[in-house]
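S.K.: prediction below, plus the sequence it came from.
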Amino acid sequence: MTTKDQEQLEGLLIRPYGESDQADVIALWHEAFPDDPLWKSPSAVISRKIGVQRELFLVGEHEGRIVATVITGFDGVCGWIYRLAVAPRERHQGRGRAMMREAEKQLRQLGCPKINLQVRASNEEVVKFYRALGYAVEERISMGKRLE
């Protein structure tokens, strides 16, 4: 999506992230992800993402304020959803669903056949949200290794 291709969905203007959005995105992520580990520092995440598939970092504006974000990625095999965030006061209004529709559309246009995402097992509300969008829990073991 280019700036001229911005879309209005569910009362949101969904557009690519721009450098002038950084402070608002960081504030949103602190509000939406209060328990994030230190290695997910918002400024570090932003810095890494704008260096790789920058166009897959979207923000959602409502009445001139950034109220939602989603970061996606595609490695040629599977797509991933990261950092879907909606400001608490903006939830339950279709904003997360609109961000996901746009993320899925972009991944589909890249030829992505499957999307993966991870949710903390204890976050039942978010699991319900993704189930309502057609995502299913898959029997997998999630493994990770920090390189920093």
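M.R.: Sure thing, it's come through. Numbering: from 1, shown residues only.

S.K.: ok, residue 137 - contacts?
M.R.: Listed by C-beta atoms under 8 Å, 6 or more residues apart in numbering, the contact set of residue 137 reads 127, 131. Placement of C-beta: from N, CA and C, glycine included.

S.K.: within its sheet, name the partner strands of the longest strand along the chain and how each one runs.
M.R.: As assigned by DSSP state E, the longest strand anywhere in the chain is strand 65-74. In the sheet, strand 65-74 lines up against strand 57-62 (antiparallel), strand 79-86 (antiparallel) (DSSP bridges).

S.K.: contacting residues around residue 25?
M.R.: Taking C-beta under 8 Å, 6+ apart, we find residue 25 in contact with 17, 42, 46, 59, 66, 69.

S.K.: how close does the residue nearest to the last one when sequence neighbours are not counted sit to residue 50?
M.R.: Same thing as residue 69. Distance criterion C-beta to C-beta, 6 or more residues apart in numbering; nearest residue to residue 69, sequence neighbours excluded, is residue 85 at 4.9 Å. As judged by C-beta to C-beta, to the nearest Å, residue 85 and residue 50 stand 17 Å apart.

S.K.: comparing the two, which residue is more hemmed in?
M.R.: Neighbours were counted for residue 85 and for residue 50 using other C-beta atoms under 10 Å; residue 85 has more, 25 against 15.

S.K.: so what's that one up against?
M.R.: So residue 85 contacts 28, 29, 32, 33, 68, 69, 70 (C-beta under 8 Å, 6+ apart).

S.K.: one more time with 7 Å
M.R.: Residue 85 sits next to 28, 29, 32, 33, 68, 69 when contact means C-beta atoms under 7 Å, 6 or more residues apart in numbering.

S.K.: which of these sits closest to residue 21?
M.R.: residue 69 (8.7 Å; C-beta to C-beta).

S.K.: what about that closest one, neighbour count?
M.R.: Neighbourhood size, residue 69 [other C-beta under 10 Å]: 24.

S.K.: tell me what it is bridged to.
M.R.: Counting by DSSP bridges, residue 69 is bridged to residue 59, residue 85.

S.K.: and the gap between the residue nearest to the spatial centre of the chain and residue 119?
M.R.: By C-alpha atoms, centre = their mean, the mean C-alpha position of the chain lies nearest to residue 70, the distance being 1.9 Å. Distance from residue 70 to residue 119, counting by C-beta to C-beta: 14 Å.
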